[in-house]
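>>> Sequence and computational prediction follow.
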Amino acid sequence: MIERRAFMLGIAGSLASARSAIGATGGVGVLSIEDFGADLHSPGADHTKAFLAAIASKKRVLVPALPGRAYKITEPLIDMGGANIVGAPGARLNVGDINGYLQIGGSGSSWTGLQFEPRQVNRAYGIILNADASHNRLSKLSIINGESGIRIEGSANLLEDISFSEMLGTSIRLQGEGSSKNIIQRIRIRNGALAGILHDGGAHHNVVRSAKKWVDGPRFTALIQGERGTEDGFLGGDICAYAQSSHHNAAFDLECANARDGCYTSSGDFNTLDGAVFTNGMASAVAISGSNNAISNVHAIGCKTGFRIIPQAGGLAKDNTFTNCLSDRAKEFGFRQDGNAYRPWQAGVTKRPPTHFCSNGLAIYRCAHATTEFGTRAPTHTEGTQSDGLNEWTFVAKDPSTLDADRNRAVRCQSRSSGTADWASRGEGSFYREGCPGFPDGRVPSNSGFTRTPRPDGAN
């Protein structure tokens, strides 16, 4: 009797907290999940039907915390728009092995204040905003464990104040050309093995503000985002990553600490980053493979390389600009530009590691699957997909002059105390400095900096 009374007092307190969280927006007439048949007292109760009914009602529904346990969900929660679910502090949903445990396919929904607890064997995304999802709000949510977090295929959605912990996969993925004009802000990612926020499949005009990703200990080793074990995928530790087809996205105020690889990558074009602190990354703090990207006000501390420009992963690495950026105590390079990193197509050649990309002449091609072998007919097409007799190769891009990184600029940037060189450039392409303390304006000498050399000002 005493335990039951304590439990009921806990439920009552949780409901009061939830109503307080709603505040002035309207506590009058607000329903509880119990009003839709949820059994709040039996430890083994299945709460799926109650949540589905609450979603369908399109009313504001409070979800009190269950002291010492979580709500049990056994099938996907389908929200076709208009749901308004408000969790009290401590409200948890055990979603087990469900793939897509929350699927939103309409507009005007709001989910706030809940903690989702999937099993780590769940290899699909847990929350999915599909292509028809727009103008929805996810706020003050928490996702722990699980393989991957949230996938956004729709537009104009708001994600804010969301935390992820112990994720084995990508936390947030913006997927496809329909994924646009979404706002993602105040995100915290603890011990995430792969990319924090990944833009892929043509995602465009999305904004990320104030996102932080960090690793507490050595448990997470470097993994390749989306293409594990290949030579040209995304390194997994990035707080923010842009795939080859993503464009015109913006990120502000990022932090990434102790990444088991890099911190920020862009193989896409016309993406911007303004304001970031990246510390102790095991690869490049910022790695740019695309073109016309703008990177400003970034401080890289103790990473393997501060800022790197390298043609790979479908990008041409041209016309990028770094402004007011600082590399401090890089293990190897402060600022580094590379030559062509694509594997040349060669008839019948077998070579590891597997790759998704190859070059033939000045053209780049992509294979849908990672391959170690080339066929017998060289790809020469400049649109669509053709076979080399073994693999199907899709044309990606062609440069009229060189596949080396080229026409990149560093403006008012500083590099100090780098292990190998503060500035390095390899290949035929140009890399220009302007107003960079301790170094002359003009082109960074080609094929320089790849052996340790003292700085002109003697600071090394």
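Sure, I can see it.
>>> now do the same end-to-end measure for stretch 378-394.
Stretch 378-394 has an end-to-end distance of 12 Å (CA to CA, to the nearest Å).
>>> do the same with stretch 401-419
Start-to-end span of stretch 401-419 (CA to CA) is 33 Å.
>>> burial of the residue lying closest to residue 98 once chain neighbours are set aside, as a residue count?
Of all residues not flanking residue 98 in the chain, residue 76 sits nearest, at 5.9 Å (CB to CB, 6 or more residues apart in numbering). For glycine as for every other residue, the C-beta is placed from the backbone atoms N, C-alpha and C. By other CB atoms under 10 Å, 17 other residues sit near residue 76.
>>> Distance check, residue 76 against residue 108.
Look at residue 76 and residue 108: by CB to CB, to the nearest Å, they are 20 Å apart.
>>> Likewise for residue 125?
Taking CB to CB, one finds residue 125 at 22 Å from residue 108.
>>> Have a look at the two and say which one is more surrounded.
Of the pair residue 125 and residue 108, residue 125 is the one with more neighbours under other CB under 10 Å, namely 26 against 13.
>>> mind checking pLDDT for that one?
pLDDT for residue 125: 88.
>>> go on, residue 454?
43.
>>> Could you give the bridge partners of residue 200?
Here residue 200 shows beta-bridge partners residue 175, assigned using DSSP bridges.
>>> gap between it and residue 313?
11 Å.
>>> Need the overlap of contacts for the two.
Residues touching both residue 200 and residue 313 (CB atoms under 8 Å, 6 or more residues apart in numbering): residue 243.
>>> More neighbours: the two, which one.
Neighbours were counted for residue 200 and for residue 313 using other CB under 10 Å; residue 313 has more, 31 against 24.
>>> what about that one, distance to residue 61?
Residue 313 is 44 Å from residue 61, by CB to CB.
>>> same question, residue 371
50 Å.
>>> okay, those two: which has more neighbours?
It is residue 61, of residue 371 and residue 61, that has more neighbours when counted by other CB under 10 Å, with 25 against 19.
>>> which other helices and strands contact the helix or strand residue 286 falls within?
Following DSSP states H and E, the helix or strand that holds residue 286 is strand 284-288. Helices and strands touching strand 284-288, as assessed by 3 or more CB pairs under 8 Å, 6 or more residues apart in numbering; DSSP states H and E, comprise strand 264-266, strand 272-279, strand 294-301, strand 305-309.
>>> So for residue 182, which of those strands sits nearest?
Judged by CB to CB, the one of the helices and strands packed on strand 284-288 that comes nearest to residue 182 is strand 272-279, at 15.8 Å.
>>> The closest one: partners in the sheet, and parallel or antiparallel?
Partners of strand 272-279 in its sheet, by DSSP bridges: strand 250-257 (parallel), strand 294-301 (parallel).
>>> Could you export those strands as TSV, including mean neighbour count and distance to residue 376?
Output for those, formatted as TSV (neighbours: other CB atoms under 10 Å; distance: least, CB to CB, whole Å):
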stretch	mean neighbour count	distance to residue 376
strand 250-257	20	44
strand 294-301	20	42
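>>> Residue 93 is nearest to which of the ones you listed?
Checking those against residue 93 by CB to CB gives strand 250-257 as the closest, at 28.5 Å.
>>> Quick one: low-confidence residue ranges for the protein.
Within the chain, the segments meeting pLDDT under 70 span 1-29, 120-123, 217-237, 451-460.
>>> That one: helices as residue ranges?
Using DSSP state H, the helices found in the chain span residues 2-22, 48-57.
>>> helices and strands around the shortest one, which ones?
With contacts taken as 3+ CB pairs under 8 Å, 6+ apart, helix 48-57 sits against strand 77-79, strand 84-87.
>>> a markdown table for these, including mean neighbour count?
A markdown table is the format used below for these (neighbours: other CB atoms under 10 Å):
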| stretch | mean neighbour count |
| --- | --- |
| strand 77-79 | 20 |
| strand 84-87 | 24 |
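>>> got CSV for these, with distance to residue 308 too?
As requested, the helices and strands packed on helix 48-57 are exported to CSV (distance: least, CB to CB, whole Å):
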stretch, distance to residue 308
strand 77-79, 42
strand 84-87, 42
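>>> Out of the ones you listed, the one nearest residue 65 is which?
Closest approach to residue 65 among the helices and strands packed on helix 48-57 (CB to CB): strand 84-87, 7.7 Å.
>>> Quick check: can you name the pairing partners of that closest one and their directions?
strand 60-63 (parallel), strand 110-112 (parallel).
>>> For the shortest one, which residues meet the burial criterion?
Of all the residues in strand 110-112, those buried under the rule 16 or more other CB atoms under 10 Å are 111, 112.
>>> Please enumerate residues in contact with that strand?
By CB under 8 Å, 6+ apart, strand 110-112 touches 21, 79, 83-87, 102, 136-141.
>>> hmm, try it at 10 Å
For strand 110-112, the external contacting residues (CB atoms under 10 Å, 6 or more residues apart in numbering) are 18, 21-22, 55, 60, 63, 77, 79, 82-87, 102, 104, 127, 136-141, 158, 160-161.
>>> okay, how far is it across stretch 389-409, tip to tip?
Distance between the two ends of stretch 389-409: 41 Å, counting by CA to CA.
>>> Name the residues of that stretch that are buried.
The neighbour-count check on stretch 389-409 (16+ other CB under 10 Å) flags 391, 393-397, 399, 402-408 as buried.
>>> what does the domain assignment say about this protein?
As assigned by automatic domain parsing, the chain contains the domains 11-337, 350-398.
>>> Quick check: which of the ones you listed is buried the most?
Of these, the one with the most neighbours on average (mean count of other CB atoms under 10 Å) is domain 11-337, at a mean of 21.
>>> How far off centre is that one?
7 Å (CA atoms, centre = their mean, to the nearest Å).
>>> just stretch 411-431 next, same as before
For stretch 411-431 - counting by CA atoms, centre = their mean - the centre lies 27 Å from the chain centre.
>>> buried set for that stretch?
For stretch 411-431, the neighbour count (16+ other CB under 10 Å) marks 411, 413-416, 418, 420-427, 429-431 as buried.
>>> my read: residue 336 touches residue 423, true?
Yes: Residue 336 lies in contact with residue 423 (CB atoms under 10 Å); the separation is 7.9 Å.
>>> Now do the shared contacts for those two.
Residues touching both residue 336 and residue 423 comprise 327, 415, 431, 444, 449, with contact defined as CB under 10 Å, 6+ apart.
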